[in-house]
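*Asks:* coords below, sequence missing:
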């Protein structure tokens, strides 16, 4: 990594020259000069314009060379064709820090590239720190100083923004002002001719940082500095370039050359930097990270005055890698004492539609006092009796009282707008839709979990996987054998001698499996050992399984030849009845996400169509067993429909070998 640039006096200047300063409203030089003065900057300001004597009661100077001192910062707001001449004068004067607003450099093509190349040569000659060209400038609310030609900038806060797009910066300024969100610095990079994102990040203390980047100037340097910041503060990035169209747009925008997007994703993961897919994501993360609260764990509680949004939220919580907090009996008892009998005291908590502000507050306090709750989502729909503004004040007060993150979704439009304003004043994250709040909370936990090197608590597979209404392995095998499906030789064994006898009769290789009714995920539990090729390996495998679990039976099975692995399964959907799944099986089942569904019953032709539309079909299409596979699907479907006892049946994998088709592992769950 190259030596970091010293940018202190660029962002904390004591004196500034505005080259191209103007008194004409609407000109960049006029807006920049006005913004510097209006921001409360206390240093010296020197307008430079050869055609004016004074601007805004400030004496004008014809050139930089005429200035009475060597300023800390020069701002250039003149046409691109004149920039390099002025830049040379800046270098001769001894000024080291420059912001160039002018467009017309590499973003416009070859002529612009030539100008930018000359600019870089001048910068190298005089050791200039240059922000831009083709940038909006920067804001430093710590000074304070606004050097942009955008609107007036709002309050000071924790967030830092770095953007390669000036137009996006203008939008964020307005958005921040509208929701009372402050920030410390906002720096626009433009074409990054000299100063890039790594230089910026190296020159500031760690803070929650949002970046809009169209390219990385130095991926290795970015990884290093981002890792350093993310040890203590979140960093979130919006970077287009996933599609050729986006890459082309960036080329015409700031002259960026998009790198390989998958590599960029890898860099972000290694640096614990969060990637935003959309501008909405970017704005949402800015809002939640500005409050400087992170969840201590993934456990989320929901308090809502409507059952539908609460149910939607429960799904979204799981989808975002969070958990629904489980209330202890003491918490449930407290909730039952303060809520109506028809309210729900389990998570999500439904305070029901007639809830006034005090009921929201009481329920939220009870939930937040529970040590098993790491964050709270409050949902409100505007019903006739709902006290929207009073409830918003209550939520805002809670967010100041507790260190746990509290996010709120006021679902509606005009009716909830006053409540939103109140929450914005409290700087409580507010969202129109619960999924957006939960997305943001999920990213907060993703960052925190990576910081903590969090690992989910190990699951006791006997408790989490055990279903006493499931058939054991041999019974499940016998069931599918009766449907005309081949299963490899298998039996339960009580000792190693029985295992050796089975292997001698059926020949190696063999497989050992833990088995008991309802142990549905043997492989995930470490309960399957394959490729046992001789007696010594058999003894080792036996010892490993018996050491792992002394209560389960052990099943030995003849290992079949390798082939294409598929999954065939039927589940009972509460709304649609029996549904069949076909797709890639075995180790590919999760990776390939090859889920092809059909309502039952289905016929042979429909079964073949199901096979042909699967992702695994590209491997299956030359197999001589396709018709046989379709028949198996039909038989499984017919059996599932005709049997009222079967709740779920799954063959995973069904191995399609050269010689035959084999149901290697079968799970059957029966109705209780």
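*Replies:* Great, that's in hand. Computed from a prediction, not measured in an experiment: that's the story for all the values here.

*Asks:* and residue 342, what does it touch?
*Replies:* residue 352 (Cβ atoms under 8 Å, 6 or more residues apart in numbering). Just so you know, the C-beta spots here come from the backbone N, C-alpha and C atoms, and that holds for glycine as well.

*Asks:* a strand runs through it, doesn't it?
*Replies:* No. Residue 342 is assigned coil when assessed by DSSP: H, G, I helix; E, B strand; the rest coil, not a strand.

*Asks:* let me know the pLDDT of it.
*Replies:* We have a pLDDT of 92 for residue 342.

*Asks:* repeat that for residue 85.
*Replies:* 97.

*Asks:* is it fair to say it lies in a helix?
*Replies:* Yes. Checked against three-state DSSP, residue 85 lies within a helix.

*Asks:* what's the burial count for it?
*Replies:* 11 (other Cβ atoms under 10 Å).

*Asks:* any buried residues in the helix or strand where residue 436 lies, and which?
*Replies:* Using DSSP states H and E, residue 436 maps to helix 434-452. Within helix 434-452, the residues scored as buried using 16 or more other Cβ atoms under 10 Å are 434-450.

*Asks:* how about stretch 612-629?
*Replies:* Result for stretch 612-629 [16+ other Cβ under 10 Å]: buried residues 614, 616, 617, 619, 620, 623, 625, 626, 629.

*Asks:* which non-adjacent residue is nearest residue 585?
*Replies:* Nearest residue to residue 585, sequence neighbours excluded (Cβ to Cβ, 6 or more residues apart in numbering): residue 567, at 3.5 Å.

*Asks:* wait, the one you found touches residue 654, no?
*Replies:* Yes. With contact defined as Cβ atoms under 8 Å, residue 567 and residue 654 form a contacting pair (7.1 Å).

*Asks:* re earlier: which neighbouring elements make contact with the helix or strand the residue nearest to residue 585 falls within?
*Replies:* Using DSSP H and E, residue 567 sits in strand 564-573. Judged by 3 or more Cβ pairs under 8 Å, 6 or more residues apart in numbering; DSSP states H and E, strand 564-573 is in contact with strand 577-584, helix 617-620, helix 626-642, strand 646-656.

*Asks:* circling back: would you turn the buried residues of stretch 612-629 into CSV with pLDDT?
*Replies:* Shown next, in CSV, are the buried residues of stretch 612-629 (pLDDT from 0 to 100):
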residue, pLDDT
614, 93
616, 92
617, 94
619, 92
620, 92
623, 91
625, 94
626, 94
629, 96
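
*Asks:* tell me the one of the residues you listed nearest residue 645?
*Replies:* Among these, residue 629 lies closest to residue 645 (Cβ to Cβ), at 25.4 Å.

*Asks:* tell me the contacts of that closest one?
*Replies:* Residue 629 neighbours (Cβ under 8 Å, 6+ apart): 566, 611, 620, 623, 654, 656, 661.

*Asks:* so what's the residue nearest to residue 585 up against?
*Replies:* 581, 582, 583, 584, 585, 586, 589, 650, 651, 652, 653, 654.

*Asks:* distance of the second one relative to residue 568?
*Replies:* Right, residue 582. According to Cβ to Cβ, to the nearest Å, residue 582 and residue 568 sit 6 Å apart.

*Asks:* need the overlap of contacts for these two.
*Replies:* residue 633.

*Asks:* next, residue 119: phi, psi?
*Replies:* Here is the backbone geometry of residue 119 (degrees, to the nearest 10): phi -60, psi -40.

*Asks:* how about the contacts made by it?
*Replies:* 83, 84, 87, 100, 105, 130, 133, 193.

*Asks:* pipe the residues you listed into JSON lines and attach neighbour count and distance to residue 220 per row.
*Replies:* Shown next, in JSON lines, are those (neighbours: other Cβ atoms under 10 Å; distance: Cβ to Cβ, whole Å):
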{"residue": "83", "neighbour count": "27", "distance to residue 220": "31"}
{"residue": "84", "neighbour count": "16", "distance to residue 220": "31"}
{"residue": "87", "neighbour count": "27", "distance to residue 220": "29"}
{"residue": "100", "neighbour count": "29", "distance to residue 220": "27"}
{"residue": "105", "neighbour count": "27", "distance to residue 220": "26"}
{"residue": "130", "neighbour count": "26", "distance to residue 220": "23"}
{"residue": "133", "neighbour count": "29", "distance to residue 220": "25"}
{"residue": "193", "neighbour count": "22", "distance to residue 220": "20"}
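
*Asks:* from the residues you listed, which is closest to residue 479?
*Replies:* For the contacts of residue 119, the nearest to residue 479 is residue 193 (71.2 Å; Cβ to Cβ).

*Asks:* give me the common contacts of residue 567 and residue 654.
*Replies:* Joint contacts of residue 567 and residue 654 (Cβ under 8 Å, 6+ apart) are residue 585.

*Asks:* lowest-pLDDT helix or strand in this structure?
*Replies:* helix 461-465 (a mean of 36; mean pLDDT, DSSP states H and E).

*Asks:* re the thing from before, go ahead and name everything in contact with the helix holding residue 436.
*Replies:* So helix 434-452 is contacted by 230-231, 234, 236, 272, 274, 280-281, 284-285, 287-289, 294-298, 300, 309, 312-313, 316-317, 320-322, 374-375, 377, 379, 405, 407-409, 411, 429, 431, 454 (Cβ under 8 Å, 6+ apart).

*Asks:* avg pLDDT for that helix?
*Replies:* 95.

*Asks:* shaky segments in the protein?
*Replies:* By pLDDT under 70, the low-scoring segments of the chain are 1-3, 152, 241-260, 455-469, 516-526, 575-576, 589-592, 672.

*Asks:* okay, the closest residue to residue 196 other than its chain neighbours and residue 225: tell me how far apart.
*Replies:* Sequence neighbours aside, residue 217 is the residue nearest to residue 196 in space, at 3.7 Å (criterion: Cβ to Cβ, 6+ apart). Using Cβ to Cβ, residue 217 is found at 11 Å from residue 225.

*Asks:* gap between stretch 199-209 and the chain center?
*Replies:* 22 Å (Cα atoms, centre = their mean, to the nearest Å).

*Asks:* cool, and stretch 142-160?
*Replies:* 28 Å.

*Asks:* start and end of that stretch, how far apart?
*Replies:* 11 Å (Cα to Cα, to the nearest Å).

*Asks:* and for stretch 189-201?
*Replies:* Stretch 189-201 has an end-to-end distance of 12 Å (Cα to Cα).

*Asks:* what does that stretch contact?
*Replies:* 4-5, 7, 100, 105-107, 116, 119-120, 123, 128-136, 162-164, 166, 187, 209, 211, 213, 215-218, 221-222, 225-226, 229, 254-255.

*Asks:* mind redoing it with 6 Å?
*Replies:* 5, 105-106, 116, 119-120, 123, 129-135, 162, 164, 187, 217-218, 221-222, 225, 254-255 (Cβ atoms under 6 Å, 6 or more residues apart in numbering).

*Asks:* go through it and flag the buried ones.
*Replies:* So, applying 16+ other Cβ under 10 Å, buried residues of stretch 189-201: 189-201.
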